[in-house]
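*Asks:* What follows is a protein structure lacking sequence information:
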């Protein structure tokens, strides 16, 4: 078996929402190294009683996965959170343990909700290198706000997101801002319409450098001469 040190990474201590994505990624890589990732991806049934060797391997694998997970649970706040949500009853079931951790840690807290909404309200197009980067980030934050505030399909969701989008680009497009504002006030503009318009503009800008590198017919004729 290859040395685990060749992975060049360790499973980090889980500290909360700030590092759960890295924790999930590193945990998965370590499990894949030992061909154990299936134990957190689905429920693995107990092998039949007649197959003692298979049952032994199943038990050993489950213990190994649980140990790898539990070794990353040294943060006091995370330990307290998991204990309050029934960690002890799932400590020997890797799938239930993993699901519990993800469910508890990604549950939006008041502090994380504040950060999300603040970032959403303060995002500005001018802070990004390209319009495409801005739109991608804005839509990602929109999805986070929707999820955190349970805004999907609510009456004021589009109004909230359209207001945020217009305010985030008004300094970059002062003339068009007035036009969009008028359409907004007359209920003739939606978030989807404006974001699609900006996305088309961003894709057009991204294509210009590529077309600029294509030699013109006149230049090709000159080169042949």
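*Replies:* Sure thing, it's come through. Since the model is a prediction, treat every value here as computed from it, not as a measurement.

*Asks:* Return the distance of the closest residue to residue 95 other than its chain neighbours relative to residue 190.
*Replies:* Of all residues not flanking residue 95 in the chain, residue 43 sits nearest, at 5.3 Å (C-beta to C-beta, 6 or more residues apart in numbering). In this view, the C-beta of every residue, glycine as well, is placed from N, C-alpha and C. The gap separating residue 43 from residue 190 is 43 Å, by C-beta to C-beta, to the nearest Å.

*Asks:* cool, and residue 170?
*Replies:* From residue 170 over to residue 190 the distance is 17 Å, taken as C-beta to C-beta.

*Asks:* moving C-terminal of the helix or strand containing residue 159, what's the next helix or strand?
*Replies:* Using DSSP states H and E, residue 159 sits within helix 157-169. Per DSSP H and E, the first helix or strand lying C-terminal to helix 157-169 is helix 174-185.

*Asks:* what's that following helix packed up against?
*Replies:* helix 157-169 (3 or more C-beta pairs under 8 Å, 6 or more residues apart in numbering; DSSP states H and E).

*Asks:* Residue ranges in the chain under the pLDDT threshold?
*Replies:* Applying pLDDT under 70 to the chain flags residues 1-9, 89, 107-111, 150-155, 205-225.

*Asks:* one more time with 80
*Replies:* Where the chain drops to pLDDT under 80, the residues are 1-9, 17-18, 49, 85-91, 106-115, 144, 146-156, 205-225.

*Asks:* where do the helices sit along it?
*Replies:* With DSSP state H as the criterion, the chain has helices at 20-33, 38-41, 52-70, 76-84, 87-90, 94-105, 110-122, 131-149, 157-169, 174-185, 191-212, 217-224.

*Asks:* Output those in a markdown table; the columns should cover distance to residue 10 and mean neighbour count.
*Replies:* Below are the helices of the chain laid out as a markdown table (distance: least, C-beta to C-beta, whole Å; neighbours: other C-beta atoms under 10 Å):
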| stretch | distance to residue 10 | mean neighbour count |
| --- | --- | --- |
| helix 20-33 | 7 | 16 |
| helix 38-41 | 18 | 18 |
| helix 52-70 | 11 | 15 |
| helix 76-84 | 17 | 14 |
| helix 87-90 | 22 | 14 |
| helix 94-105 | 17 | 18 |
| helix 110-122 | 25 | 13 |
| helix 131-149 | 28 | 17 |
| helix 157-169 | 39 | 18 |
| helix 174-185 | 49 | 13 |
| helix 191-212 | 39 | 12 |
| helix 217-224 | 56 | 8 |
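
*Asks:* Contacts only, for residue 195.
*Replies:* When contacts are counted by C-beta atoms under 8 Å, 6 or more residues apart in numbering, residue 195 touches 135, 138, 139, 165.

*Asks:* again, only this time at 7 Å
*Replies:* 135, 139, 165 (C-beta atoms under 7 Å, 6 or more residues apart in numbering).

*Asks:* how far away is residue 62 from residue 88?
*Replies:* Residue 62 is 16 Å from residue 88, by C-beta to C-beta.

*Asks:* Would you mind giving the domain segments of this protein?
*Replies:* With domains defined by automatic domain parsing, the chain comprises 8-105, 110-212.

*Asks:* what's residue 51 sitting at in phi/psi?
*Replies:* The phi/psi pair for residue 51 (degrees, to the nearest 10) reads phi -100, psi 80.

*Asks:* Against residue 62, how distant is it?
*Replies:* Applying C-beta to C-beta to residue 51 and residue 62 gives a distance of 16 Å.

*Asks:* sorry, back to before: among residue 43 and residue 190, which residue is more densely surrounded?
*Replies:* residue 190 (15 against 10; other C-beta atoms under 10 Å).
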